[in-house]
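# model this:
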Amino acid sequence: MRLEEIHNLVKSTSIPAFAADGEGLIVAWNGAAEKEFGTTAEKALGHFCGTIVQGRDECGPVCSEHCPVRHSVAQGQPMGEFDLQAGAGRGQRWLSVAVLTAYVNGSSIPFAIHLMTPVEVRKRLEMVIRDFVISNTGLPLEQVKAVLGSQRSAARETRLSERELEILRLLAKGGTTSSIANQLHISRDTVSNHIQHILGKLNVHTRLEAIRRAEHARLI
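Down below sits the predicted model:
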């Protein structure tokens, strides 16, 4: 496929759409995306898509250098449809995102074509249902979030190693760096390194945030 064909494909749809190369740089941006994000193609092209989209889910930021979409596309893995709260400030809206992959002549890494459909009404309804469940069952907020939102989370595509998943499960059970090191017969420094990799891949800053996002996406 030629880059021109990617441009034509993105421009041919009436919903917000854009394409990014293997580095996450925007190479195509349609008129609907201009209206949705208030950013012209001239300003979007050549920029890292995360800085334009500024996507979040219920657990926090998704768009980062560890973007799960880029990971999946680079590995040739199909990406499931997911929900993303995109935009900045008061302009944030919930979008359902579908990702298509396309190989461009001369590129070894596929390009990712993002098709975004506004789902603000559905998402608000989900949150009303979530609040109703919490108030009428007494279940913890995080548990309800995990049950209701896990099937449409971008984080479920995050590629964690078996060791990272093992450590994440132990963290969720209340494990400390020392206790995990003793249980797995590895050094505390090794555990700390794995935890830092986990935080980076999940785009979070604390262990609690990592556990929340992993539970929400049913990674653990």
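
# was I right about Ser153 contacting Leu84?
No - between Ser153 and Leu84 there is no contact under Cβ atoms under 8 Å: 9.5 Å. C-betas here are computed from N, CA, C, even on glycine.

# Name the nearest residue to the residue nearest the centre of the chain, sequence neighbours excluded.
With distances taken as Cα atoms, centre = their mean, Ala154 lies nearest the centre of the chain, 3.6 Å away. The shortest distance from Ala154 to any residue other than its chain neighbours is 4.3 Å, reached at Phe82 (Cβ to Cβ, 6 or more residues apart in numbering).

# what sits opposite that neighbour in the beta ladder?
Taking DSSP bridges as the rule, Phe82 bridges to Val97.

# Would you confirm that it contacts Val119?
No - the criterion here is Cβ under 8 Å, and Phe82 misses it with Val119 at 10.7 Å.

# The two: who's more crowded?
Phe82 (24 against 18; other Cβ atoms under 10 Å).

# Enumerate every residue touching that one.
Phe82 is in contact with Asp57, Ser96, Val97, Arg152, Ser153, Ala154, Arg156, Glu157, counting by Cβ atoms under 8 Å, 6 or more residues apart in numbering.

# Heading C-terminal from the worst-scoring helix or strand of the chain on mean pLDDT, find the next helix or strand.
Lowest on mean pLDDT, DSSP states H and E among the helices and strands of the chain sits helix 141-149, with a mean of 60. The C-terminal neighbour of helix 141-149 among helices and strands, as given by DSSP states H and E, is helix 162-172.

# and the one helix or strand Ala112 maps to, which strands flank it?
Under the criterion of DSSP H and E, Ala112 resides in strand 111-118. Applying DSSP bridges to the sheet, strand 111-118 is found paired with strand 17-20 (antiparallel), strand 93-102 (antiparallel).

# Would you quantify the distance from the residue nearest to the centre of the chain to Gly38?
Noted for Ala154: a distance of 22 Å to Gly38, by Cβ to Cβ, to the nearest Å.

# do the same with His114
For His114, the distance to Gly38 (Cβ to Cβ) stands at 17 Å.

# ditto for Ser135
Distance of Ser135 to Gly38, given as Cβ to Cβ: 36 Å.

# cool, and Gly24?
Distance from Gly24 to Gly38, by Cβ to Cβ: 20 Å.

# Compare those two and say which is more crowded by neighbours.
Legend: neighbour count by other Cβ under 10 Å for Gly24 and Gly38, higher for Gly24 (19 against 11).

# show me the contacts for the more buried one.
Contacts of Gly24 (Cβ under 8 Å, 6+ apart): Phe48, Cys49, Gly50, Glu65, Cys67, Arg70.

# of the contacts of Phe82, buried ones?
Buried members of those, scored by 16 or more other Cβ atoms under 10 Å, are Asp57, Ser96, Val97, Arg152, Ser153, Ala154, Arg156, Glu157.

# So for the closest residue to the fifth one other than its chain neighbours, what's the pLDDT?
For Ser153, the nearest residue in space outside its immediate sequence neighbours is Ala217; the separation is 4.2 Å by Cβ to Cβ, 6+ apart. Per-residue confidence (pLDDT) for Ala217: 78.
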